[in-house]
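Undergrad: fold the following, please.
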Amino acid sequence: MTDAQETAAANATQALPPEDPGPAPVPLLAPREGIPPVTADAAGLAEVTAAFAAGTGPVAVDAERASGYRYGQRAYLIQLRREGAGSALIDPVGCPDLSGLGDVLADAEWVLHAASQDLPCLREIGMVPRRLFDTELAGRLAGHARVGLGAMVENVLGYALEKGHSAVDWSTRPLPEPWLRYAALDVELLIDLRHELEGELYGQGKLAWARQEFDAIAAAPPAPPRKDPWRRTSGMHKVRRRRQMAVVREMWTARDGIAQKRDVSPGKVLTDSAIVAAALAMPADARALSALPGYGHRMGRKQLDQWQAAVERARALPESALPQQSQAPNGPPPPRSWADKDPAAAARLTAARAAVTKRAEELRLPQENLLTPDTVRRVCWQPPQVLTEPEVGSALRALGARAWQIEQTASLLTEALSTPAPADPDE
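TA: Purely as a prediction, here's the structure:
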């Protein structure tokens, strides 16, 4: 292209009108009926329970936690909305048992956004849905690229939600009015969003798939306690020796006990980076510990002594009591090692991943929602002895796949699992 042609092309591009982004979202500034009062006693809870029992249709449910501020993931505010009942804000500190409210809503469909995040804290206070509709998961299945609540409300309903208070300390009492407005708005349009997404899923032929996913979430038991949670300490990959790993374990355990007793986030007691620094340095005494990052001049002698005591406990452990380098494997090894350990399995995995990715693209949904990567790895590492579609389907079902997922992937995985092993270059 000549200089003149490039100039003409640039001028033509500049002359094009800007692409129409569509109407700007309408700011949603306040709940329709105003900010509801916070229910914090038995009398108020009885009124809310009666109102929601008399309501009709689905019930929107949300919970606010104090992640990063308090120990654990308990709820510090519950938001509800239902046709005929309006919205309600409930303080689970003042009303720690909401099982009566949960009972009157037992036959209703609960509408939540990212249900798996809120269900554990709801369960703690006696609220357990039998049926639910997860608007985040519905958005994924419908092919939306952005599935946060704000993005979904904006893209699907045309409203802009306030985004400023999602990470505040919800254990604060009394809760400021702007926070309460934000919380009430989180359920203001949740049912409207549910109805629109249901229509999208129906139009795409995916509504039955979504129902299977929602039923699986509602039926899932509580997650078991995590084994060796100290291994998830940020920066743990730097800790190579077993004695150093013992330091991490001792300090993590001590920190967790203090955090639970004080009801604060463990990171506010001692940072992960400080734990890792102590494990790598193995300080000889509290003075040496105080020179490490995270143990500065603000830390008192008593605190230094308690952390140094954890180091000394790890130092005194016999070899047999030191943690192993890694946990006992629960499933296949990391895929990066498959080519050396089992070339045939590596070939199966490559073919299976490609097939699942292609099908997910055809269906306009994320690959992990079509079939989880863990399920794909497990069936490729240890495939059925008889490679038929029914046998592969049975293997997927045993790994937790839903009927719609099996219907969409069993045949293509049967073919992928038949991929021949690569030829041995030495033969």
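Undergrad: what sits against V248?
TA: 230, 233, 236, 239, 275-276, 279 (Cβ atoms under 8 Å, 6 or more residues apart in numbering). Every C-beta, even on glycine, is put in place using the N, C-alpha and C of the backbone.
Undergrad: how about the nearest residue to it, chain neighbours excluded?
TA: A279 (4.8 Å; Cβ to Cβ, 6 or more residues apart in numbering).
Undergrad: confirm the one you found sits in a strand?
TA: No. Going by DSSP: H, G, I helix; E, B strand; the rest coil, the assignment for A279 is helix, not a strand.
Undergrad: that one reaches V247, doesn't it?
TA: Yes. Using Cβ atoms under 8 Å, A279 is in contact with V247, at 4.0 Å.
Undergrad: what about the residue nearest to V248, how many residues nearby?
TA: Using other Cβ atoms under 10 Å, A279 is surrounded by 28 other residues.
Undergrad: contacting residues for it?
TA: Here A279 is in contact with 239, 244-245, 247-248, 251 (Cβ under 8 Å, 6+ apart).
Undergrad: backbone phi and psi for the nearest residue to E177 once chain neighbours are set aside, please?
TA: Leaving out its chain neighbours, the residue that sits closest to E177 by Cβ to Cβ, 6+ apart is I35, at 6.7 Å. Taking degrees, to the nearest 10, you get phi -80, psi 120 for the backbone angles of I35.
Undergrad: what sits against I35?
TA: I35 touches 89, 177, 180-181, 184, counting by Cβ under 8 Å, 6+ apart.
Undergrad: mind checking which of the residues you listed are in strands?
TA: Applying DSSP state E to the contacts of I35, the entries found in strands are L89.
Undergrad: biggest separation within the contacts of I35, which pair?
TA: Spatial extent of these (Cβ to Cβ) is set by the pair L89 and E177 at 11.4 Å.
Undergrad: mind checking which of those two has more residues around it?
TA: For L89 versus E177, the count of surrounding residues by other Cβ under 10 Å is larger for L89: 23 against 9.
Undergrad: quick check: bridge partners of that one?
TA: Partner residues in beta bridges with L89, using DSSP bridges, are V38, Q79.
Undergrad: surely it meets P31?
TA: No. Counting by Cβ under 8 Å, L89 stays clear of P31, with 10.0 Å between them.
Undergrad: what about stretch 200-212, how long is it end to end?
TA: Stretch 200-212 has an end-to-end distance of 16 Å (Cα to Cα, to the nearest Å).
Undergrad: quick one: mean pLDDT over that stretch.
TA: The predicted model assigns stretch 200-212 a mean pLDDT of 98.
Undergrad: same deal with stretch 158-177?
TA: pLDDT averaged over stretch 158-177 gives 91.
Undergrad: what's the answer for stretch 218-228, then?
TA: 93.
Undergrad: what's the answer for stretch 92-100, then?
TA: Rounded mean pLDDT across stretch 92-100 is 98.
Undergrad: quick one: buried residues of stretch 94-113?
TA: By neighbour count on 16 or more other Cβ atoms under 10 Å, the buried set for stretch 94-113 is 95, 98, 100-102, 104-105, 108-113.
Undergrad: distance to A354 added to the contacts of I35, as TSV?
TA: Output for the contacts of I35, formatted as TSV (distance: Cβ to Cβ, whole Å):
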residue	distance to A354
L89	49
E177	54
L180	50
R181	49
A184	47
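Undergrad: restricted to helices, list the contacts of I35.
TA: Mapping the contacts of I35 onto helices (DSSP state H) picks out 177, 180-181, 184.
Undergrad: so what's the backbone phi/psi at Y159?
TA: phi -120, psi 150.
Undergrad: nope, D134 is what I was after
TA: phi -100, psi 110.
Undergrad: how about K341?
TA: phi -80, psi -40.
Undergrad: just the helices in the stretch 201-350 of the chain please.
TA: 207-219, 242-262, 266-269, 272-281, 286-290, 301-316, 338-341, 343-363 (DSSP state H, counting those that start in this stretch).
Undergrad: what residues sit buried inside the fifth one?
TA: With burial defined by 16+ other Cβ under 10 Å, the residues of helix 286-290 counted as buried are 286, 288-290.
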